[in-house]
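> Take a look and give me a structure for this.
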Amino acid sequence: MSGVFFRVFSACAFALFSGVAAAAGVELRVPELGWVLLAPAGSAELRVLDLSRGAITPLATLRSRGRGPVVAAHLQQEGRRVWVLGERGLDVHDAYNGRVLAHWDGPDGVRLEGLEVPGRGRPVVWAAAGRYEAVVGAAFLVPVGTRVSMR
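Presented below is the predicted three-dimensional model:
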């Protein structure tokens, strides 16, 4: 697929599914797959769209009440998992069916602001109050470098 074709289709999809408020929302383009992930400003839903077949094909709508409005997203191409950061928590979803695979609450009173998913490492979330990571088995994000015991 040519880069121009992908940009035109993703722009159309963004306008179609997000409306005018999208300028401040979340948009993640994945040219290798021909996918676009979109969340209008203030929305707690992230839409996964496939543009690779020359048409807009919705794959999933990722929802979670606990995380709040979408702040950032990351597609982990291995396993087709989507990490979605909201103002109050972090979720990982199956990109094809939207099912929540795991959820971590953010620290009380902290507004989460950014997301980094290094290769196969733990996702790191940052806020004005510091950096946090999603530890498998934990119910909440923990400060980076904290030793966690799962007893």
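
> can you give me the strands in the protein?
Remark: strands assigned in the chain by DSSP state E are 26-30, 35-39, 45-50, 57-63, 70-76, 81-86, 89-94, 100-105, 112-116, 124-127, 130-133, 142-143.

> Quick one: these as CSV, columns for mean pLDDT too.
Formatted as CSV, the strands of the chain follow (pLDDT from 0 to 100):
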stretch, mean pLDDT
strand 26-30, 94
strand 35-39, 95
strand 45-50, 95
strand 57-63, 93
strand 70-76, 93
strand 81-86, 94
strand 89-94, 95
strand 100-105, 94
strand 112-116, 93
strand 124-127, 93
strand 130-133, 94
strand 142-143, 91
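
> Adding mean neighbour count, write those out as CSV.
C-beta coordinates here come from the backbone N, C-alpha and C atoms, glycine included. Below are the strands of the chain laid out as CSV (neighbours: other C-beta atoms under 10 Å):
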stretch, mean neighbour count
strand 26-30, 18
strand 35-39, 24
strand 45-50, 22
strand 57-63, 17
strand 70-76, 20
strand 81-86, 24
strand 89-94, 22
strand 100-105, 16
strand 112-116, 17
strand 124-127, 19
strand 130-133, 17
strand 142-143, 14
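
> Run through the bridge partners of Arg47.
Leu38, Thr61 (DSSP bridges).

> quick one, what contacts it?
Going by C-beta atoms under 8 Å, 6 or more residues apart in numbering, Arg47 touches Phe17, Leu37, Leu38, Ala39, Pro58, Ala60, Thr61, Leu62.
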